[in-house]
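Chemist: let's see this in three dimensions:
(chains A and B)
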Amino acid sequence: MIRAENLHKNYLMGRVTVAALKGVDVHIHAGEYVAILGPSGSGKSTLMHILGCLDTPSSGSYHLAGEPVQGLSRNQLARVRNERIGFVFQSFNLLAHATALGNVELPLVYNGSGRRVRQERAAELLERVGLGDRMEHRPNELSGGQRQRVALARALATDPDVILADEPTGNLDTAAGEEVVKLFEELIAEGKTVIIVTHDLEIAHRARRIIQLRDGRIEQDSSPPRWA
Amino acid sequence: MIPFRHVVRQLFVERTRIALTVLAIAWGTASITTMLALGEGLRITFARSGKGMGEGIVVIWPGQTSMAYKGLPEGQPVRLTSDDVLALRQAIPEIDAISGEHRTWLTMRRSDRFRSGRVHGVEPEYGPMRNIITEPGGRFIDPIDMRTRRRVCVLGNDVVAELFAAGEQAVGQTVEIDGRPFVVIGVMRPKFQMSTYGGPDWDGTWIPVTTFEAMHNTRFFGNVVARPRQARDMDRMKTRMRQVIAARHGCNPADEEIVNFWDTLEGQTVTMNILLGLQVVLGIIGGLTLIVAGVGIANVMYVSVTNATRDIGIRLAVGARGYQILGQYILEALLATAVGGAVGIGVSWLLVTLVGLIPMEADFFRFVGRPIPILSFTVAIIVVIVLGVIGLVAGYFPALRASRVDPAEALRYE
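Modeler: Numbers count the residues shown, from 1 in each chain, chains lettered A, B, ... in the order given. Below is the predicted model:
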């Protein structure tokens, strides 16, 4: 599903070039449940942004579902994000002024779905994440866990192959975080590819594979200890 | 593209942000159009009342010689009669209309109502020249009245109001002027009049020159009124008139004192210049207000789109194309402009209507008329378009920038 080779990413901070990724190879198969682990500054967010086509690498090659991603235009990348990738962020990134339903509909607005299709699909997904009775609520009327479930429903709107989650439980209490992790595990059972970026070992160990990053390089890529 | 309804719904969702833009455009539109409407009302009022005494006419008063000439000493009065008027009409092709005018104060009576009134002896051409238009059912003095010295009169509207009961039909009735019965043939339609000589026309009474001369045994006009065919003939006509009069009375043709002219065209030029100045000043104020409003709108638009950078990042992350983001903000600016413009024009219309309803009672308004503000839709549309374009440009650049940054960066924006 994901085949990224020799990824480099350099940022220009003032006059100094900072290398966030220094040659990272990532191969992830369809249906894998992967955690990318690392301390802050290790380059894990950068890696996630590149894997999610939110950002482009300075060099290296990246194939998503067999198709090369490097060299695509901004609009083509937007299309890839829309069709193939669903995002879940630590800070939820919901439109503050839109209802839960409106937020879940958003990806469908940009793939040209009709109004009725959008509303039906969004309602169905909100039911699925257990928010059938919260559709007309705004984000500020929802708890953190509910917000993250709205974000997850949004990530699933266009039925993408890959779910990318950046510290999805970072702003949640344990119980709410657990609910969200359970939803990820359901998705795995359905054959989706789920990639979680975290620095929380406990969350990481729920995944079947952990990629550890340090200073822009992969330090370790392994299956977790088999205590589970 | 992006569904129109989604954008419209978004407008309602982001009420405060849009409301500010709409308010800014409405405020700008309303203040500029209202101000220009007041100015335009003033201009039209003055332009109209400036023509009340007659348009492009000259009033000629007989004077006296200031140079001795061929045995005629200086200081000799020059007196004008119907023969002079006839000679002027025949000798000067530039004259479009001309009439001699006698004037005196006489007692008028109708049954038990008396009044001391200003009575003018004039010729048929006087009425149209002096903008004395009769109410329907009446007429001004005609050539037959002149020939047969009929005892007929045209009354100013105030004279009618004093001699007749309210609603009473004056035309066809008889009034007594200086003890003699006169049939009323016309009543002057009310008008505004800024300039007068002798008094305003609503106080006047007009009878045929011939009748006047028979009653008073006089031939010498107080003044003559004339109008050239075209405004540019005015100076030539005046020169020729003085020459003809000088020749008929044996005066020096170079003597400027034998007749005095009041050329109302000169006054009109001054008035037009003042009004032009007024318009220029209002235009400048309007332009400055437009700039101030434009800066306000630009500011609101810039801040609101900049604040939306994170939302733009979210939209980009879920797959919005750059042009869809731009399209949304452009559509938004256009809708805000349309709504703001409509509200602004509505408010302006309301203000203008309210100002028009303010009762203004003052003698001044009898002469110039009440200034009624006039809303110009051309101005309103121009203002809305200018403000809309300013808003669009101000919103376009931050939206363009936001749609071009990497979504990862836009999402990082706090």
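
Chemist: residues contacting the one residue in the stretch 251-400 of chain B that gets nearest to chain A?
Modeler: Here the stretch 251-400 of chain B gets closest to chain A at one residue, residue B:319, 2.3 Å apart by CB to the nearest CB. The way it works is simple: take the backbone N, C-alpha and C, and place the C-beta from them, glycine included. With contact taken as CB atoms under 8 Å, 6 or more residues apart in numbering or on different chains, residue B:319 is in contact with A:78, A:79, A:81, A:82, A:83, A:107, A:110, A:111, A:158.

Chemist: again, only this time at 6 Å
Modeler: A:78, A:81, A:82, A:107, A:110 (CB atoms under 6 Å, 6 or more residues apart in numbering or on different chains).

Chemist: regarding the third one, what is its secondary structure?
Modeler: Per DSSP: H, G, I helix; E, B strand; the rest coil, the local secondary structure of residue A:82 is helix.

Chemist: what is the burial count for it?
Modeler: When counting by other CB atoms under 10 Å in any protein chain shown, one arrives at 25 neighbours for residue A:82.

Chemist: for the first one, same thing?
Modeler: For residue A:78, the number of neighbouring residues by other CB under 10 Å comes to 26.

Chemist: before we move on, what about the second one?
Modeler: Residue A:81 sits with 25 neighbouring residues when counted by other CB under 10 Å.

Chemist: can you tell me which residue is spatially central in chain B?
Modeler: Nearest to the mean C-alpha position of chain B, by CA atoms, centre = their mean, lies residue B:44 at 2.2 Å.

Chemist: tell me where chain B has helices.
Modeler: Ranges of helices in chain B, per DSSP state H, are B:4-13, B:15-49, B:82-91, B:126-129, B:143-148, B:157-163, B:209-216, B:234-249, B:264-307, B:309-317, B:322-357, B:363-368, B:377-404, B:407-412.

Chemist: can you give me the helices for chain A?
Modeler: Using DSSP H, helices in chain A cover A:44-51, A:74-84, A:100-109, A:115-128, A:144-155, A:174-189, A:201-204.

Chemist: what mean pLDDT does the last one have?
Modeler: Spelled out, that is helix A:201-204. Model confidence over helix A:201-204, given as mean pLDDT, is 86.

Chemist: report the buried residues of that helix.
Modeler: A:203, A:204 (16 or more other CB atoms under 10 Å in any protein chain shown).

Chemist: quick one: contacts of that helix?
Modeler: Contacts to helix A:201-204, defined as CB under 6 Å, 6+ apart, come from residues A:35, A:37, A:169, A:198, A:210.

Chemist: tally of neighbours for residue A:33?
Modeler: A total of 20 residues lie near residue A:33 under the criterion other CB under 10 Å.

Chemist: residue B:347 too?
Modeler: By the criterion of other CB under 10 Å, residue B:347 has 17 neighbours.

Chemist: which ones are touching it?
Modeler: Taking CB under 6 Å, 6+ apart as the contact definition, residue B:347 lies against residue B:30.

Chemist: list the contacts of the residue nearest to the spatial centre of chain A.
Modeler: Closest to where the C-alpha atoms of chain A average out (CA atoms, centre = their mean) is residue A:164, at 1.7 Å. Contact partners of residue A:164, counting by CB under 6 Å, 6+ apart, are A:48, A:52, A:85, A:87, A:195.

Chemist: mind putting those in CSV, pLDDT included?
Modeler: CSV is the format used below for the contacts of residue A:164 (pLDDT from 0 to 100):
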residue, pLDDT
A:48, 90
A:52, 92
A:85, 94
A:87, 94
A:195, 95
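
Chemist: ok, those vs residue B:252, which is closest?
Modeler: Set against residue B:252, the nearest of the contacts of residue A:164 by CB to CB is residue A:87 (104.1 Å).

Chemist: any idea how many residues pack against the closest one?
Modeler: The criterion is other CB under 10 Å. On that basis, residue A:87 has 27 neighbouring residues.

Chemist: all set, thanks.
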